[in-house]
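Engineer: For reference, the sequence and a predicted model appear below.
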Amino acid sequence: MSIKNIVCIGAGYVGGPTMSVVAQKCPHINVTIVDLNQARIDAWNSDSLPIYEPGLEAVVQEARGRNLTFSTDIEGNIAKADMVFVSVNTPTKTFGKGAGVAANLEFIEKCARTIRANASKDLIVVEKSTLPVRTAETLEKILHAGDSKYHFEILSNPEFLAEGTAITDLHDPDRVLIGGRQNDLGKAAIQELVDVYANWVPNERILTTNTWSSELSKLVANAFLAQRVSSINAISSLCESTEADVGEVSRAIGMDSRIGSKFLKASVGFGGSCFKKDILNLVYICRTYGLTAEADYWEQVILMNDHQQSRFVDKLVGTMFNTVSDKKIAVLGFAFKADTGDTRESPAIHVVQELCEEHARVSVSDPQALGYAKTDLAGLEEFVTLEEDPYKACEGADAVCILTEWELYKDLDYKRIFDSMNKPAFLFDGRNIVNHQELYDLGFNVYPIGKGELSHL
Ligand SMILES: NC(=O)c1ccc[n+]([C@@H]2O[C@H](COP(=O)([O-])OP(=O)(O)OC[C@H]3O[C@@H](n4cnc5c(N)ncnc54)[C@H](O)[C@@H]3O)[C@@H](O)[C@H]2O)c1
Ligand SMILES: O=c1ccn([C@@H]2O[C@H](COP(=O)(O)OP(=O)(O)O[C@H]3O[C@H](CO)[C@@H](O)[C@H](O)[C@H]3O)[C@@H](O)[C@H]2O)c(=O)[nH]1
């Protein structure tokens, strides 16, 4: 069989960009992305895409209307598919057994039932969502339950794209991982998916494994990445106490090829929809297998991240004479990282909430994320204003906090900002992106992460 019709269930941050690139690179395959959410599908069909991602618009424009379709007709499209990707959300459970730690697989299960009910032939079902190890076993049971007439071969193909760089990550991935059963049917299905990616990914970067290694590798990759951030953040406080500079320490250790230089930027903490959720999931799985020491080990990565965010606020309040009540604090950046409008688990949410608890007046600015900020900060209107213009956000402020590393914050006219602020003027750089000495020379009292403060006080 050669794949002619691919359907992806879930038109979110992963399904949308990933399948748009598949359509762009495989003009001979019809790719249809389906979702329950009519507004989201309408946006994908418009000039104003539902997510902000550099390079995405060009990819969609190239393929949409040629071999890329966005639709809410889930049933009808599954009936025509040779291969179905499942890319729905798998958030942390908020209720019942495993609440706060386990993955909520409700949406995945529903997809399996919809696929079983609407398939018109044997199908390859691809797990694109991030899932607990051994989920394929559950899917297999649901798909083959009852009077199911067809054979469903399940593959695991986790996605490693990062938001903000999704299109370059998809065009030029470090690796594509495909897991499947190690028997004839499984190997044949793996080969079908390898053939799809081989349209643009070099063969040596397409890695095939058994199903369980593939499912588990996704959780482990995120755990290792987040662990690096928590590790360097744990060093950042030590640097602040010892006059070491965390940037210099990162450079020094990162030049050791065994350590490597990436993901060693100290910050106000990691955010995003994946790291916390996936580590919690890993912790839950370890506990399920009775592996308490292992679970505690990975949980520490999250506890350190929570601590880093609270530490940022503690330092701010302590520095500003132990009170920020009725002081104006400008927050520059609300997205969890630059080049995305996504605010899921953004450290900025935590910081702003804590500042509101201290009764500060918080003015939040971000070039892409104010829409989500409004929802994230609902109920805090008494303390929070949203301001697109960063200069206005800083006007009359006692302190500026940089919480997202947007390029634009590197190039602001900080003399103008300083002149418009209350004095003494404080700047807390949660991303270490501005020139601290220059800002100090302008008159700011500057507090970076992981290096000595520059204070006139
Ligand atoms: N966001 C990332 O950067 C990223 C990267 C790699 C992997 N992942 C994983 O990919 C998965 C999807 O993440 P996302 O960020 O794209 O989520 P998302 O919330 O942006 O998108 C999920 C979409 O699935 C739709 N959906 C849910 N149930 C459905 C159903 N039964 N039928 C049809 N549509 C349905 C929702 O309406 C939503 O539009 C998650 O498992 C996540 O962990 C995310
Ligand atoms: O040195 C660093 C690197 C990152 N971060 C922060 O860590 C978070 C996550 O960043 P990043 O990993 O770049 O973005 P995500 O989109 O969350 O991507 C991660 O999560 C995705 C979802 O699973 C995976 O697919 C990606 O491979 C994985 O990098 C952000 O808040 C960053 O600001 C730091 O603080 N310091």
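Structural biologist: Perfect, I can see it now. Residues are numbered from 1 along each chain as shown. Ligands and ions are numbered 1, 2, ... in the order given.

Engineer: Please tell me how far the residue in the stretch 301-450 of the chain positioned nearest to ligand 2 sits from ligand 1.
Structural biologist: Nearest to ligand 2, among the residues of the stretch 301-450 of the chain, is Lys337, at 3.9 Å (CB to the nearest ligand atom). (Glycine included, C-beta is placed from N, CA and C.) The spacing between Lys337 and ligand 1, counted by CB to the nearest ligand atom, to the nearest Å, is 10 Å.

Engineer: residue boundaries of the helices in the stretch 351-457 of the chain?
Structural biologist: 370-376, 390-394, 407-410, 414-420, 436-442 (DSSP state H, counting those that start in this stretch).

Engineer: Among those helices, show me which one is buried the most.
Structural biologist: helix 390-394 (a mean of 20; mean count of other CB atoms under 10 Å).

Engineer: quick one: contacts of that helix?
Structural biologist: 330-332, 363-365, 387, 400, 408-409, 412-413, 416-417, 420-421 (CB atoms under 8 Å, 6 or more residues apart in numbering).

Engineer: The residue of the stretch 301-450 of the chain closest to ligand 2 - nearest residue in space that isn't next to it in sequence?
Structural biologist: Nearest residue to Lys337, sequence neighbours excluded (CB to CB, 6 or more residues apart in numbering): Gly164, at 5.7 Å.

Engineer: Report how many residues lie close to that neighbour.
Structural biologist: Here the number of neighbours of Gly164 (other CB atoms under 10 Å) works out to 21.

Engineer: for it, phi and psi?
Structural biologist: phi 90, psi -30 (degrees, to the nearest 10).

Engineer: before we move on, what about Arg175?
Structural biologist: According to degrees, to the nearest 10, Arg175 has phi -160, psi 160.

Engineer: That one and Ile206 touch, don't they?
Structural biologist: Yes. Using CB atoms under 8 Å, Arg175 makes contact with Ile206 at a distance of 7.3 Å.

Engineer: give me the element Lys187 is part of.
Structural biologist: Assigned by DSSP states H and E, Lys187 falls within helix 184-197.

Engineer: Run the chain-centre distance for that helix.
Structural biologist: 28 Å (CA atoms, centre = their mean, to the nearest Å).

Engineer: Can you give me the buried ones in it?
Structural biologist: Across helix 184-197, burial judged by 16 or more other CB atoms under 10 Å covers Gly186, Ala189, Ile190, Glu192, Leu193, Val194, Val196, Tyr197.

Engineer: For these, could you give me TSV that also reports distance to Ala223 and pLDDT?
Structural biologist: Output for the buried residues of helix 184-197, formatted as TSV (distance: CB to CB, whole Å; pLDDT from 0 to 100):
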residue	distance to Ala223	pLDDT
Gly186	27	98
Ala189	28	98
Ile190	25	98
Glu192	30	98
Leu193	25	98
Val194	26	98
Val196	28	98
Tyr197	25	98
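
Engineer: I'd like to know which of the residues you listed is nearest to Asp82.
Structural biologist: Glu192 (8.2 Å; CB to CB).

Engineer: domains in this protein, as residue ranges please.
Structural biologist: 5-201, 211-457 (automatic domain parsing).

Engineer: what about the helix or strand that contains Val84, near ligand 1?
Structural biologist: Using DSSP H and E, Val84 maps to strand 83-86. No. Using CB under 6 Å from any ligand atom, strand 83-86 stays clear of ligand 1, coming no nearer than 8.6 Å.

Engineer: Might you report the residue contacts of Glu243?
Structural biologist: Gly452.

Engineer: before we move on, the earlier item: which residues does the residue of the stretch 301-450 of the chain closest to ligand 2 contact?
Structural biologist: Counted by CB under 8 Å, 6+ apart, Lys337 has contacts Glu163, Gly164, Gly271, Gly272, Thr404, Glu405.

Engineer: Packing partners of the helix holding Lys187?
Structural biologist: If contacts are counted by 3 or more CB pairs under 8 Å, 6 or more residues apart in numbering; DSSP states H and E, helix 184-197 sits against strand 83-86, strand 123-127, strand 152-156, strand 176-180, strand 206-210.

Engineer: got the buried residues for the shortest one?
Structural biologist: The reference is to strand 83-86. For strand 83-86, by 16+ other CB under 10 Å, it's Met83, Val84, Phe85, Val86.

Engineer: just stretch 16-31 next, same as before
Structural biologist: Buried positions in stretch 16-31, judged by neighbour count with 16+ other CB under 10 Å: 16-26, 29-31.

Engineer: Spatially nearest residue to the spatially most central residue of the chain (excluding sequence neighbours)?
Structural biologist: Centroid-nearest residue in the chain: Gly272, 3.7 Å away (criterion: CA atoms, centre = their mean). Excluding the flanking residues, the one nearest Gly272 by CB to CB, 6+ apart is Phe336, at 4.7 Å.

Engineer: Get me the contact residues on the stretch 101-250 of the chain for ligand 2.
Structural biologist: Going by CB under 6 Å from any ligand atom, the residues of the stretch 101-250 of the chain near ligand 2 are Thr130, Glu159, Phe160, Leu161, Ala162, Glu163, Asn222, Leu225, Val229.

Engineer: ok, now with 8 Å
Structural biologist: Taking CB under 8 Å from any ligand atom as the contact definition, the stretch 101-250 of the chain meets ligand 2 at 130, 158-166, 169, 218, 221-222, 225-226, 228-229, 232-233.

Engineer: Likewise for the stretch 301-450 of the chain?
Structural biologist: Phe336, Lys337, Ala338, Thr340, Asp342, Glu345, Ser346, Pro347, Thr404, Glu405, Arg431.

Engineer: which residues does Lys265 contact?
Structural biologist: Val229, Ile232, Ser250, Arg431, Asn432.

Engineer: quick one: is the helix or strand containing Arg116 near ligand 1?
Structural biologist: Using DSSP H and E, the element containing Arg116 is helix 106-118. Yes. Contact of helix 106-118 with ligand 1 (CB under 8 Å from any ligand atom) involves Phe107, Lys110, Cys111, Thr114.

Engineer: how much space between Met83 and ligand 2?
Structural biologist: Per CB to the nearest ligand atom, Met83 is found 21 Å from ligand 2.

Engineer: How confident was the prediction at that residue?
Structural biologist: Met83 carries a pLDDT value of 98.

Engineer: Dump stretch 426-446 to PDB, keeping only the CA atoms.
Structural biologist: Output of stretch 426-446 as PDB, limited to C-alpha atoms (Å, rounded to 0.1, in the frame of the first residue of the first chain):
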ATOM      1  CA  PHE A 426      14.400  48.900  39.400                       C
ATOM      2  CA  LEU A 427      14.900  46.400  36.500                       C
ATOM      3  CA  PHE A 428      14.600  42.700  37.100                       C
ATOM      4  CA  ASP A 429      15.800  40.800  34.100                       C
ATOM      5  CA  GLY A 430      14.300  37.300  34.200                       C
ATOM      6  CA  ARG A 431      15.900  36.300  31.000                       C
ATOM      7  CA  ASN A 432      19.300  38.100  31.100                       C
ATOM      8  CA  ILE A 433      18.700  39.700  27.700                       C
ATOM      9  CA  VAL A 434      19.600  43.400  28.200                       C
ATOM     10  CA  ASN A 435      23.000  45.000  28.700                       C
ATOM     11  CA  HIS A 436      23.000  45.300  32.500                       C
ATOM     12  CA  GLN A 437      26.000  47.700  32.700                       C
ATOM     13  CA  GLU A 438      24.500  50.100  30.200                       C
ATOM     14  CA  LEU A 439      21.200  50.100  32.100                       C
ATOM     15  CA  TYR A 440      23.000  50.700  35.400                       C
ATOM     16  CA  ASP A 441      24.800  53.600  33.800                       C
ATOM     17  CA  LEU A 442      21.500  55.100  32.800                       C
ATOM     18  CA  GLY A 443      20.500  55.000  36.500                       C
ATOM     19  CA  PHE A 444      18.600  51.700  36.800                       C
ATOM     20  CA  ASN A 445      19.100  49.400  39.800                       C
ATOM     21  CA  VAL A 446      19.600  46.200  37.900                       C
END
